[in-house]
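My questions are about this predicted structure, shown below with the sequence.
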Amino acid sequence: MKQEYLKKFFGYDRFREGQETLVDGILAGRDVLGIMPTGAGKSICYQLPALMMEGITLVISPLISLMKDQVEALNQAGIHAAYLNSSLSLPQYRKALELAGQGRYPIIYVAPERLLNEEFLSFACRTQIAMVAVDEAHCVSQWGQDFRPSYLRIPEFIGRLPKRPVVSAFTATATAQVRDDIIDLLNLREPLVLATGFDRKNLYFGVETPKDRYAAVKAYLKNHPGESGIIYCLTRKAVDDVSGRLIRDGFAATRYHAGLDDAERRRNQDDFIYDRAPVMVATNAFGMGIDKSNVRFVLHYGMPKNIESYYQEAGRAGRDGEPAECILYYSGQDVITNQLFIENNRDNQELDEFSRALVQERDRERLKKMTFYCFTNECLRDYILRYFGEYGDNYCGNCSNCLTQFETVDVTEIAGKLLGCIWTSRQRYGTTVVIDTVHGAATAKIRQYRMEDNPYYGSLSKVPVYRLRQVLQYLQMQEYLTVTADEYAVVKLTARSAEILDGSQTVTMKWAKEQSRRPSAAEGAEPETGSRTGRRKRRGKAAAQQGGLGDSEPLFEKLRELRMEIAKEEKVPPYIVFSDKTLTHMCIVKPETKEEMLTVSGVGEYKFGKYGERFLDRIREEKRRTRES
């Protein structure tokens, strides 16, 4: 029966990796914990068994936008679902509870803050609750990147139900410590734990350090006209600045951050989801639960404060499995900005002073790991996967480092002089002063601090400044030095520094070959594998192996136009009708009958009944046009 439900409601002939195991575990009455990357199909793991179980499944979800998006998609698939959160008026809320009590909805999304509300608790206690599914389960852990104290109420709610339901928990990003927290804090009973891996092979990862970040972003958008993407900024001010400049430069962009009123945030989010403004400029307040499948790029206009946040935000690209790009534009100022965020964090006020100090120290350590991601010359994908406990071969072929030619260089002499400068200046200065000193610069600060008298002044004058900075960053990564976590970011020696200073340690590192350095995005360049043309070639190659997309790009565009027509008629986002991946599969199969259309991934009985004939007509029409031409 589960296979029938999978095809009928979700349009898939087979389960993705890990889905069937988790579904079977739930249907057998077991608690489960599913750790699956964004786009891997976590929601089906609890939505499908919810349709087959006796009673209601409550899905605990942290954000209104997430609930709205999921419920809209379920209703479009022919599944009655509802959400209960603060966006509903009191009459709407009570009407939804009334219909739920009548058995109208097999799936109800609810905010964690509502669980112990007297009215909701009364409803839950007199209703058969088959399962409690906890989405974004990492929010329960204070060691997770999105800790929400309201998630700690979930066990109490479950404990007050007349009969304990199956409890399932799902997340995309969780270290080993966070996984243990989820099991313990949610009181999962001998859970089936399944992690399908964190790798998203369709995503290209890149780090760039342009002198002008806005120019780099502008050049990128010019090279990707009409494509949908998200640009993340660290501050509201940066969001307003970047979005305003993009709009003035003629791009269809919009913005999102917590400083906007609810109406504007909702309007701007809808403009993005409905493709009226395909480029969203936002803070990290945007994105959780946004299931927009055709996001082709995520650009970070600044470095996030930890790998978990970065991977979650970057993972909003390419949810349809098609090639997409994730590029981080780094500046040293990002470290200082994030340090200030950590020092002034007001999210953990419910914790005691000792716990807050522990969380703050953890956040500093995670910021350091995020900074190292921006420095490393190793495979970027492998760096992320190792952070989450997965180990590969340090070459993915689809990141900026793997696509750059490197050579191994002995930098022992440079490292020794840098550390010697830090030692003789009594560890009082930041990286810029140290680099300017060894390079022999004659700046006002060098004169003010009298660093021209330092014995290492000008000792590395022939080494380019950017190389000196790379060596300093490498020494920090290898813990030969550290940088203080304050506004002035002073460079300090560590216990390991002596190994270089006494000449007992040789230091080698990878340098990008000069002749291999590509122009930056600001100069009009883009990664070959991630370009619009490159992506189409890759999509065409993949399709050709399955039967040939090749020359069907015009058909794909015709189907996109039809999808947009239907979306406007029904007032739903285009991807809710069919994803880009489904349209691509239609171009491969080129169905002419209902039976053939139902073999397309993402087309089930219900959606065929709503849209199938219109898409068949458009395919037949394009086939006739092709034959006649």
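Looks like it came in fine. Numbers count the residues shown, from 1 in each chain.

Residue 170 should be in a strand, yeah?
Yes: secondary structure assignment (DSSP: H, G, I helix; E, B strand; the rest coil) places residue 170 inside a strand.

okay, now it: neighbour count?
24 (other C-beta atoms under 10 Å). Any C-beta I mention is one placed from the backbone N, CA and C, and that applies to glycine too.

Low-confidence ranges, this protein, go.
143-145, 288-289, 346-351, 485-487, 514-552 (pLDDT under 70).

what does the domain assignment say about it?
According to automatic domain parsing, the chain comprises the domains 2-195, 203-387, 406-515, 531-628.

Kindly reformat those as CSV containing distance to residue 400.
As requested, the domains of the chain are exported to CSV (distance: least, C-beta to C-beta, whole Å):
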stretch, distance to residue 400
domain 2-195, 20
domain 203-387, 4
domain 406-515, 10
domain 531-628, 13
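
so which of those domains gets nearest residue 393?
domain 203-387 (7.5 Å; C-beta to C-beta).

Now do the closest one: distance from first to last residue.
From its first residue to its last, domain 203-387 covers 17 Å (C-alpha to C-alpha, to the nearest Å).

Same check on stretch 80-87?
First-to-last residue span, stretch 80-87, C-alpha to C-alpha: 19 Å.

circling back: relative to residue 397, which of the domains of the chain is closest?
Comparing those by C-beta to C-beta, domain 203-387 comes nearest, at 8.8 Å.

Residue 325 versus residue 230, what's the distance?
11 Å (C-beta to C-beta, to the nearest Å).

more crowded one of those two?
Using other C-beta under 10 Å as the criterion, residue 230 and residue 325 rank with residue 325 on top: 28 against 25.

so what's that one bridging to?
residue 204, residue 297 (DSSP bridges).

any idea how far it is from residue 208?
On the measure of C-beta to C-beta, residue 325 and residue 208 end up 11 Å apart.

same question, residue 581
28 Å.

Dihedrals phi and psi, the closest residue to residue 274 other than its chain neighbours?
Spatial nearest neighbour of residue 274, chain neighbours left out: residue 573 (5.5 Å); criterion: C-beta to C-beta, 6 or more residues apart in numbering. Here is the backbone geometry of residue 573 (degrees, to the nearest 10): phi -60, psi 150.

burial count for residue 573?
With other C-beta under 10 Å as criterion, residue 573 counts 22.

Hmm, it is touching residue 272, no?
No: using C-beta atoms under 8 Å, residue 573 makes no contact with residue 272, being 9.2 Å away.

which neighbours do the two share?
Shared contacts of residue 573 and residue 272 (C-beta atoms under 8 Å, 6 or more residues apart in numbering): residue 292.

Which helix in this protein has the most residues?
helix 353-375 (DSSP state H).

Against which helices or strands is that one packed?
helix 307-314, helix 333-343, helix 380-387, helix 465-477 (3 or more C-beta pairs under 8 Å, 6 or more residues apart in numbering; DSSP states H and E).

Tabulate those (CSV), appending mean neighbour count and distance to residue 140.
Output for the helices and strands packed on helix 353-375, formatted as CSV (neighbours: other C-beta atoms under 10 Å; distance: least, C-beta to C-beta, whole Å):
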stretch, mean neighbour count, distance to residue 140
helix 307-314, 24, 14
helix 333-343, 17, 21
helix 380-387, 20, 20
helix 465-477, 19, 32
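
who wins for proximity to residue 413 among these?
helix 465-477 (10.1 Å).

what angle do the closest one and helix 353-375 make?
140 degrees (axes from the mean of the first three to the mean of the last three C-alpha atoms, to 10 degrees).

CA atoms only for helix 465-477 - export them in CSV, please.
Output of helix 465-477 as CSV, limited to C-alpha atoms (Å, rounded to 0.1, in the frame of the first residue of the first chain):
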residue,chain,number,x,y,z
VAL,A,465,50.9,40.7,0.6
TYR,A,466,48.1,38.2,-0.4
ARG,A,467,50.6,35.3,0.0
LEU,A,468,51.7,36.6,3.4
ARG,A,469,48.0,36.7,4.4
GLN,A,470,47.5,33.1,3.1
VAL,A,471,50.5,31.8,5.2
LEU,A,472,49.1,33.6,8.3
GLN,A,473,45.7,32.1,7.8
TYR,A,474,47.3,28.6,7.3
LEU,A,475,49.3,29.0,10.5
GLN,A,476,46.1,29.8,12.3
MET,A,477,44.4,26.7,10.8
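
what's in contact with it?
Contacting residues not belonging to helix 465-477 are listed as 372, 375-376, 411, 414-415, 418-419, 431, 434-435, 438-439, 460, 481-483, 491, 507, 509, 511 [C-beta under 8 Å, 6+ apart].

In helices, which of these appear?
Short answer: those in helices (DSSP H) are 372, 375, 414-415, 418-419, 431, 434-435, 438-439.

can I get these in JSON lines with distance to residue 117 and neighbour count?
Shown next, in JSON lines, are the ones in helices among the contacts of helix 465-477 (distance: C-beta to C-beta, whole Å; neighbours: other C-beta atoms under 10 Å):
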{"residue": "372", "distance to residue 117": "44", "neighbour count": "18"}
{"residue": "375", "distance to residue 117": "48", "neighbour count": "17"}
{"residue": "414", "distance to residue 117": "63", "neighbour count": "23"}
{"residue": "415", "distance to residue 117": "60", "neighbour count": "25"}
{"residue": "418", "distance to residue 117": "59", "neighbour count": "28"}
{"residue": "419", "distance to residue 117": "60", "neighbour count": "26"}
{"residue": "431", "distance to residue 117": "52", "neighbour count": "20"}
{"residue": "434", "distance to residue 117": "57", "neighbour count": "25"}
{"residue": "435", "distance to residue 117": "58", "neighbour count": "23"}
{"residue": "438", "distance to residue 117": "63", "neighbour count": "25"}
{"residue": "439", "distance to residue 117": "63", "neighbour count": "18"}
